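*Asks:* Need the 3D shape of this:
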Amino acid sequence: MFTCIWSIPRLFPRAFDESAWTVGRQMGMMLITVFFVAICNFLYSRFHLHAGFSLRAMLLFGGMTIAVSIIPLTVLILYNQLKWQRKYAGEAALMNAHVQEKKQEAPEPLSMALNTIRIPAEQSKDDLTLEAAQLICIEAADNYIRVFYESEATLKQVLIRGTLKGAAESLEGKAHFFRCHRTWLVNLNRVEGISGNAAGYKLRLQLMPVEVPVSRNLHRELSDRLQ
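*Replies:* This next block holds a predicted model:
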């Protein structure tokens, strides 16, 4: 247990970064811990109690260790899930307050709203040109990107051959555009609300029928940008 809880996280700190931690990783780490405990039990039985050395004995100790540990491990996983749920829900509520405050402020200057942007395609003749205020978000879709925008008060979308990286680079310098996930880029001026659960944050955008996820390692940057 000491090896798993203290040594391994220090040998591989990036793998244990909270921003990238998931339930799957936690379950994997717990299974590794159970494996180490089972091996120690087996070796103790073999060399101190002079028990037999066989594959059957190893499997028996593994099964007993899992049987003993399954309840406390389940409780620990559920506890961590609840902890993350409360943490992200509370932080999301604070960011929601900032979003609502911004809505009460003066509207975006006309010069900013009419600023033209260009979303590059693989072939320049397929580039998409929009007013900055029209763009809601962009989603990566294999070798294509799906651009969601507003036109005549309705949601429109267009699929063009290109990359999300290229779209993000074309929007550099415009602070209200934010790549919040490896497959999503959003217009922060279109954020209507933020929800939080054990998996992290999700953004509710104007006109969009689905919520957009935010990578955990970008939570701090999102909070800073919305304040």
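
*Asks:* how long is stretch 38-54 end to end?
*Replies:* With Cα to Cα, to the nearest Å as the measure, the ends of stretch 38-54 fall 14 Å from one another.

*Asks:* moving C-terminal of the lowest-mean-pLDDT helix or strand in the chain, what's the next helix or strand?
*Replies:* Ranked by mean pLDDT, DSSP states H and E, the weakest helix or strand in the chain is helix 110-113, scoring a mean of 47. Downstream of helix 110-113, the next assigned helix or strand under DSSP states H and E is strand 116-119.

*Asks:* Pull up the pairing partners for that following strand, direction included.
*Replies:* strand 128-131 (antiparallel) (DSSP bridges).

*Asks:* Quick check: buried residues in the strand it pairs with?
*Replies:* L128, L130 (16 or more other Cβ atoms under 10 Å). C-beta: built from backbone N, CA, C; applies to glycine.

*Asks:* Residues in contact with it: which ones?
*Replies:* A113, L114, N115, T116, I117, R118, I119, A121, V147, Y149, V158, I160 (Cβ atoms under 8 Å, 6 or more residues apart in numbering).

*Asks:* Pick out the most distant pair among those.
*Replies:* A113 and A121 (24.2 Å; Cβ to Cβ).

*Asks:* sorry, back to before: which among the contacts of strand 128-131 gets closest to W84?
*Replies:* V147 (32.3 Å).

*Asks:* Can you give the domain ranges for the protein?
*Replies:* The record's domain split for the chain, according to automatic domain parsing, is 2-102, 106-226.

*Asks:* ranking these by burial, who's on top?
*Replies:* Neighbour counts (mean count of other Cβ atoms under 10 Å) averaged over each of those peak at domain 106-226, with a mean of 16.

*Asks:* Lowest average confidence across the domains of the chain, which one?
*Replies:* For these, the weakest mean pLDDT is recorded on domain 2-102, namely a mean of 80.
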